[in-house]
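Engineer: The following comprises the amino acid sequence and a computationally predicted model.
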Amino acid sequence: MSRLAREHDAVNLGQGFPDFPGPDFVKTAAVAAINADRNQYAISHGEPSLRQAIAASWGTAHDLPVDPATEVTVTSGATEAIFAALQAFAGSGDEVIAFEPFYDSYPAATVLAGAMFLPVRLHPPDWALTLEALEAAVTPQTRVILLNTPHNPTGKVFTRPELESFAELAMRRDLLVITDEVYDQITFGHATHLPLATLPGMWERTLTIGSTGKTFSMTGWKIGYAIGPGTLNSALRSVHQFVTFASATPFQVAMAEAMYVAQESGYYEQLRSEYDARRRLLTNGLRDAGLEPFPIGGSYFLTADVSRFGFDTDVEFCRWMVREIGVAAVPPSAFYLEPATAPVLARFCFAKSDQTLNEARERLARLASR
Ligand code: PMP
């Protein structure tokens with residue numbers, strides 16, 4: 001869709017990355033780290049100052065001490081953490097379950113680990129967890145369940161009761177859980193992000209994955225991390241060592257500093273309120289266009305039902321919209337194992353400047369008469 005957007009000079013609300021600059025204090029810290037010659041390999045499992053900052057931030061937020069020496073690993077983005085964790089935890093003969101729609105690296109990483117990928121479908125408008133469907137998917141071969149909250153592409157934030165029933169099942173069936181919480185700082189209204197690992201009995205079996213790319217609008221730096229018990233981190237590290245060995249040193253050093261500055265300066269609250277304003281701007285633009293987005297609790301995506309335009313698939317709709325309306329969105333069928341069975345929706349990213357969102361709003365208005 002990004003290629004098509006360029007070809008048709010369309011406003012790109014497709015790919016999920018901010019089109020505005022990240023904060024100056026983060027950029028300055030990276031320049032300083034480079035000039036201070038912090039340019040050689042980092043320790044494989046992460047620059048100590050960054051592991052310390054991640055552990056401190058988790059400790060403060062959840063009142064749970066985390067040992068930066070053994071319970072935190074820095075990876076090259078959340079994508080690498082997910083990949084390495086699946087290589088570490090699952091193999092031939094194992095089954096991995098994830099909610100569908102799912103972030104597209106999950107099935108790829110599962111299959112590359114030699115395991116079977118089994119999706120359990122969530123349904124609009126609220127994408128609620130149906131425990132019966134999840135329970136029915138678990139077999140003696142199930143090894144790992146992947147959970148993503150706040151969720152891409154739906155914006156769903158799993159509620160405490162949902163997470164509690166999920167946790168009860170994981171404990172009863174003795175499953176490992178990989179939770180992808182890369183949008184943990186981007187939540188709205190009454191939605192509260194609750195890390196699964198903080199529920200009673202879940203720490204031991206959960207690896208929580210985060211990404212500084214989303215929180216600090218630096219997706220190109222690819223600094224991700226995993227938090228969890230020493231046993232799971234040690235398995236993860238044994239794979240990470242031979243996938244990337246280590247992530248870029250100056251960016252790790254900079255992120256460590258950024259996390260402390262963010263904590264002290266109210267950066268996270270500001271991030272949330274800025275994203276909330278962008279969410280409202282795009283919601284209004286979609287409404288003007290006659291599209292009612294599904295309510296979201298977090299992430300920087302809105303999805304809307306576009307079936308009324310009469311296209312058989314979301315891919316056809318999105319291609320048509322780029323050409324005729326000049327706005328690119330992502331067809332969420334890319335997040336389904338069998339795309340032909342996906343509902344006909346479009347995903348719009350609002351990690352964009354006001355200028356981009358206003359331009360998109362003007363163009364989207366043309367949809368109203370279609
Ligand atoms: N998980 C989800 C749900 C995502 O949306 C993304 C980014 N689009 C990632 C993981 C990847 O994060 P990173 O860029 O840190 O690899």
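Structural biologist: Sure, I can see it.

Engineer: tell me the contacts of the residue in the chain positioned nearest to the ligand?
Structural biologist: Nearest residue of the chain to the ligand (CB to the nearest ligand atom) works out as Gly77 at 2.6 Å. Using the backbone N, CA and C atoms, a C-beta is placed for each residue, glycine as well. Contact analysis of Gly77 by CB atoms under 8 Å, 6 or more residues apart in numbering lists Ser211, Gly213, Lys222, Ile223, Gly224.

Engineer: Quick check: the two most widely separated of those?
Structural biologist: Greatest spatial distance among the contacts of Gly77 (CB to CB): Ser211 and Lys222, at 8.3 Å.

Engineer: which of these two has more neighbours?
Structural biologist: For the pair Ser211 and Lys222, the greater number of neighbours falls to Ser211 (24 against 19), based on other CB atoms under 10 Å.

Engineer: Return the distance of the strand or helix carrying Ile82 from the chain's centre.
Structural biologist: In this assignment (DSSP states H and E), Ile82 forms part of helix 77-89. How far helix 77-89 lies from its chain's middle: 14 Å, per CA atoms, centre = their mean, to the nearest Å.

Engineer: Could you list the buried residues of that helix?
Structural biologist: If you call a residue buried by 16 or more other CB atoms under 10 Å, then helix 77-89 has these buried ones: 77-89.

Engineer: do the same with stretch 336-350
Structural biologist: Neighbour counts over stretch 336-350 (16+ other CB under 10 Å) mark Tyr336, Ala342, Pro343, Val344, Leu345, Ala346, Arg347, Phe348, Cys349, Phe350 as buried.

Engineer: List phi and psi for the fifth one.
Structural biologist: Dihedral pair for Leu345: phi -120, psi 170, per degrees, to the nearest 10.

Engineer: separation between it and Thr249?
Structural biologist: Relative to Thr249, Leu345 is positioned 41 Å away (CB to CB, to the nearest Å).

Engineer: where does the chain come near the ligand, residue by residue?
Structural biologist: Neighbours of the ligand within the chain, by CB under 6 Å from any ligand atom: 16, 77-79, 103, 148, 152, 180, 182, 211, 213, 219, 222, 224.

Engineer: Now intersect those with the strands, please.
Structural biologist: Asn148, Asp180, Ser211, Gly224 (DSSP state E).

Engineer: Beta-bridge partners for the last one, please?
Structural biologist: Applying DSSP bridges to Gly224 yields these beta-bridge partners: Thr75, Ser211.

Engineer: The first one now?
Structural biologist: On DSSP bridges, the residues paired with Asn148 through beta bridges are Asp180.

Engineer: Am I right that it is in contact with Glu100?
Structural biologist: No. Counting by CB atoms under 8 Å, Asn148 does not reach Glu100; the two are 10.8 Å apart.

Engineer: pLDDT value on Ser369, please?
Structural biologist: If you check Ser369, the pLDDT there is 83.

Engineer: burial count for it?
Structural biologist: Using other CB under 10 Å, the number of residues around Ser369 comes to 7.

Engineer: which ones are touching Thr303?
Structural biologist: Counting by CB under 8 Å, 6+ apart, Thr303 touches Pro124, Pro153, Thr154, Gly155, Pro293, Phe294, Pro332, Leu345, Ala346, Arg347, Phe348.

Engineer: For the first one, grab the count of nearby residues.
Structural biologist: Right, Pro124. Counted with other CB under 10 Å, Pro124 comes out at 16.

Engineer: what's near enough to touch it?
Structural biologist: Counting by CB under 8 Å, 6+ apart, Pro124 touches Thr154, Phe294, Thr303, Asp305, Pro343, Leu345.

Engineer: Contacts for the helix or strand of the chain with the lowest mean pLDDT next, please.
Structural biologist: Least confident helix or strand of the chain, by mean pLDDT, DSSP states H and E, is helix 2-7 with a mean of 93. The contact list for helix 2-7, computed with CB under 8 Å, 6+ apart, reads Ala10, Val11, Asn12, Gly14, Gln15, Arg319, Val322, Arg323, Ala328.

Engineer: Could you rerun that using 6 Å?
Structural biologist: Residues outside helix 2-7 that contact it (CB atoms under 6 Å, 6 or more residues apart in numbering) are Asn12, Gly14, Gln15, Val322, Ala328.

Engineer: Lowest-confidence one in those residues?
Structural biologist: Among those, Gln15 carries the lowest pLDDT, at 88.

Engineer: mind pulling up the phi and psi values for it?
Structural biologist: According to degrees, to the nearest 10, Gln15 has phi -60, psi 140.

Engineer: nearest residue to it other than its sequence neighbours?
Structural biologist: Computed as CB to CB, 6 or more residues apart in numbering, the closest residue to Gln15 that is not its neighbour in sequence is Ser2, at 5.1 Å.
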